[in-house]
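K.L.:
next one to model:
(chains A and B)
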Amino acid sequence: MLERIWKLLCSLKLTIWLASVATVLTMGGSIVMIKYPKTFGSIDQMTLSEWFSRFGSTRPALSWWLYLSSFAVVLLGINTFCCFIDWLPKFRARWRKSGEYLIHLGFVLLLTAFVWGSAAGARSEGNRLRVGETLDIGHIRPGYTLRLDAFEPTFGPQGRPDDMRSTLALLREGREVRRQTIHLNHPLMAEGLVVLPYSFDQSADGFRFRTAAGTAELRPGSVLPLPGGGLLRVTRFLPDVVRAGDGGIYPRSENLENPAFELELLHPQRDPWRGWYLLRGGLPAPLAAAGIVLEPIEPIGSYASILTVNRDPGAGLAAIGSVLMGTGVLFALASFYYKRARGDRPDIL
Amino acid sequence: MLSLTTVLLPTAFGLYALATGLYLAHLKIRRPGLANTALAVIATGFGLQSVVLVQRWLAAGYLPVTNLFSTLFFFSWALAAVYLYFELRYRIRATGLFVVFLNLLLLAGALPRDPAIKPLIASLDTPLFTLHIVFSFVGYAFFAMAFSLGVLFLLQSRLSTSLLPEPPLLRKLNEESIFLGFTLFTLCMIFGAIWAFVAWGYWFSWNIKSVWSFIVWLFYAGMCHAKFIRRWQGTGYAWLSIAGFAVVLFTYLGIGLLLSSNHPLD
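P.N.:
This next block holds a predicted model:
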């Protein structure tokens, strides 16, 4: 009985059946993936297990094929592993098949690595980080943070963004464990984490104004001296605000939509004033009355690096699987030409 | 540089067309001189394509296989190389007629397109790109050869003509083509996976191109096993070779041109 089961598990026909089932299911499923981007569009942004729990389990009519296909591929992996185990005791007689069986083992390791990474990995996109800021990535790997020490975008000949270099420090419990400049195709890989540049944006943290004396750049902390000994101090800048029903000013987003400065006017001949200057609403009356000229010219700002932070515990195993598979290919090629030179024909079952 | 492309490539096309004519004549007249001339003509065409490829590579500073023109051109070059491999190894003669004709179609698709080389975008600036591309298209070329051999096997099984090699030889060549295509495509997948990991942070993407590349790999992996099972040998294997190439064509052209993917052709 056990021998029969073992023979079935090692069966070549089972291999072909499983490969065929997985192929046909994935072919059909790929059409479903294209037709339903709301369900499948974010599948690369999370691990497969997270996708199954968030999307797959809630939309079984669209995802059943992926469950079945995954099951078929896992069974194929078991079948492949059994074939490999079955070959091992026959190594001395069939060592020329080493290449083919290394490919088998490589496939099994890659599959195991994928399942492991899908079950225990984590992915996080769109992490915005400005120079000097620290990002807590505890949700990807507890106890770890990232600090951006420098950022430099590079632009192509027509001014299109080309690459972006982020100098990052990876910290564990506040202690630096790796410092590296990353750019496209050169991620930071340490402590089981992979940190990659995804994009960047320029966030406004102030404005350049035309004033009575020329131009001035105002950002939080700036002080503009006024004629007659007065001072205009910037206490806050918000790129997008909304005025509530009670007249209060509240931040709305990080996009440069409705920028506003909170200003403080100190003048020896006037009462102190503190209030908001919404650039789209014009200069507040107390400032105009004080003879202040402020005409917005353009925003001034700093870049933010947008990073992808992933953790794939199976990545190391996948690397071993890749090496074994690549080595297997080279062995199989060498063995193939050796056998062809001897006039061997494939076994016929 | 561009003028060399625009002069040599149509010349190569003309040579492949001439070789097709010579092979057709060889089928009718059966003179060894015709087949030898056809081989020399194809070798010359391949040589011209190689000159263009090397010059474009040197001029660009990277393997310029990034758009529809350059992929069609490179696929055609790889197909010519694969044909020469089989011709020089087995003297298949007019058996390669299908492949040479396919090569003509690929070049005919490339010639009207803009051959200008664009600056390489940073995300493609890695040796992994070159390895991924080379193994992919050479693998595709072997699958195209297997398709041709599969068609010829089916023809020969029905016609039993002396114009074509015996079915056992066609079967042997078909199996060799599938095996070599599969091993090279496996290397393409390995380098692609490594590249995906350093570029995106994961080594398998559910993007439509990646999914279909896995389908191609799985399909041909199944074929490499099917050759050991009697009922799939011969006719069944020939049909599988034809079906497999349809999957390859969809993965290369169908997805690249008709669908949105992370491997756009234009």
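K.L.:
ok, B:S123 - contacts?
P.N.:
B:S123 makes contact with A:184-185, B:199 under the criterion Cβ atoms under 8 Å, 6 or more residues apart in numbering or on different chains. To be clear about C-beta, it is placed using only N, CA and C from the backbone, and glycine gets the same treatment.
K.L.:
per-residue pLDDT of residue 15, please?
P.N.:
Picked chain A for this. Here, the pLDDT recorded for A:T15 equals 94.
K.L.:
sorry, I should have been clearer: chain B.
P.N.:
At B:L15, the model reports a pLDDT of 94.
K.L.:
touching, it and B:A40? I think so.
P.N.:
No. Counting by Cβ atoms under 8 Å, B:L15 sits too far from B:A40 to count as a contact (9.6 Å).
K.L.:
quick check: mean pLDDT of the helix or strand hosting A:Q202?
P.N.:
A:Q202 is part of strand A:193-211, with elements assigned from DSSP states H and E. Mean per-residue pLDDT for strand A:193-211: 90.
K.L.:
quick one: it near chain B?
P.N.:
Yes. Remark: strand A:193-211 sits within contact range of chain B at A:194, A:196, by Cβ under 8 Å from any Cβ of the partner chain.
K.L.:
who does the helix or strand that that strand is followed by pair up with?
P.N.:
Sequence order places strand A:214-218 as the next helix or strand after strand A:193-211, per DSSP H and E. Partner strands and pairing direction for strand A:214-218 (DSSP bridges) are strand A:193-211 (antiparallel).
K.L.:
for the residue of chain B positioned farthest from its centre, which non-adjacent residue is spatially closest?
P.N.:
Farthest-out residue of chain B from its mean C-alpha position, per Cα atoms, centre = their mean: B:G201, at 30.4 Å. Spatially, and ignoring its direct neighbours in sequence, B:G201 is nearest to A:N310 (3.8 Å; Cβ to Cβ, 6 or more residues apart in numbering or on different chains).
K.L.:
domain parsing for the chain?
P.N.:
You didn't say which chain, so I picked chain A. Domains of chain A are assigned by automatic domain parsing as A:2-122+A:314-342, A:125-203+A:304-311, A:213-292.
K.L.:
can you look at chain B instead?
P.N.:
According to automatic domain parsing, the ranges for chain B are B:1-120, B:123-266.
K.L.:
can I get those in JSON lines with distance to A:F91?
P.N.:
As requested, the domains of chain B are arranged in JSON lines below (distance: least, Cβ to Cβ, whole Å):
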{"stretch": "domain B:1-120", "distance to A:F91": "31"}
{"stretch": "domain B:123-266", "distance to A:F91": "19"}
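K.L.:
out of the ones you listed, flag the one nearest A:R165.
P.N.:
Closest approach to A:R165 among the domains of chain B (Cβ to Cβ): domain B:123-266, 13.6 Å.
K.L.:
got the residues of the stretch 1-150 of chain B near chain A?
P.N.:
Proximity of the stretch 1-150 of chain B to chain A, by Cβ under 8 Å from any Cβ, involves residues B:119, B:121-123, B:125-126, B:128.
K.L.:
next step: the residues you listed restricted to strands.
P.N.:
Nothing among the residues of the stretch 1-150 of chain B next to chain A maps onto strands, per DSSP state E.
K.L.:
closest one to B:L164 out of the residues you listed, please.
P.N.:
Closest to B:L164, out of all of those and judged by Cβ to Cβ, is B:L128, at 41.1 Å.
K.L.:
so the closest one is in contact with B:I194, correct?
P.N.:
Yes. Applying Cβ under 8 Å, one finds B:L128 in contact with B:I194, separated by 5.9 Å.
K.L.:
how many other residues sit next to the nearest residue to A:L231 once chain neighbours are set aside?
P.N.:
Leaving aside its sequence neighbours, A:L231 sits nearest to A:L266 (Cβ to Cβ, 6+ apart; 4.7 Å). Look at A:L266: counted by other Cβ atoms under 10 Å in any protein chain shown, it has 16 neighbours.
K.L.:
for the residue nearest the centre of chain B, list the residues it contacts.
P.N.:
Chain B has B:A141 as the residue nearest its centroid, 2.0 Å off, counting by Cα atoms, centre = their mean. Each residue near B:A141 by Cβ under 8 Å, 6+ apart is listed here: B:75, B:78-79, B:81-82, B:181.
K.L.:
now the buried members of those.
P.N.:
The neighbour count (16 or more other Cβ atoms under 10 Å in any protein chain shown) marks B:75, B:78-79, B:82, B:181 as buried among the contacts of B:A141.
K.L.:
spatially central residue for chain A, please.
P.N.:
Nearest to the geometric centre of chain A sits A:T308, at 2.6 Å (Cα atoms, centre = their mean).
K.L.:
hey, what's that residue bridged with?
P.N.:
In this structure, A:T308 bridges to A:L196 when assessed by DSSP bridges.
K.L.:
so it touches B:W200, yeah?
P.N.:
Yes. A:T308 lies in contact with B:W200 (Cβ under 8 Å); the separation is 7.4 Å.
K.L.:
do you know how far A:T235 is from A:F207?
P.N.:
Distance, A:T235 to A:F207, using Cβ to Cβ, to the nearest Å: 15 Å.
K.L.:
who's more crowded, these two?
P.N.:
Per other Cβ under 10 Å, whichever of A:T235 and A:F207 has more neighbours is A:F207, with 24 against 12.
K.L.:
which intervals of chain A have sub-threshold pLDDT?
P.N.:
Residue ranges of chain A with pLDDT under 70: A:157-159, A:344-349.
K.L.:
which element is the closest residue to chain B within the stretch 201-349 of chain A on?
P.N.:
When scored by Cβ to the nearest Cβ, the stretch 201-349 of chain A has A:N310 as its residue closest to chain B, at 3.8 Å. Assigned by DSSP H and E, A:N310 belongs to strand A:295-311.
K.L.:
just the C-alphas of stretch A:217-226, formatted as CSV.
P.N.:
Extracted as CSV, the C-alpha positions of stretch A:217-226 are listed here (Å, rounded to 0.1, in the frame of the first residue of the first chain):
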residue,chain,number,x,y,z
GLU,A,217,11.7,83.2,1.4
LEU,A,218,9.4,82.4,4.3
ARG,A,219,9.2,79.1,6.1
PRO,A,220,8.5,78.2,9.7
GLY,A,221,11.0,80.2,11.9
SER,A,222,11.7,82.9,9.3
VAL,A,223,11.6,86.5,10.5
LEU,A,224,11.0,89.4,8.1
PRO,A,225,12.2,92.8,9.4
LEU,A,226,9.7,95.6,8.7
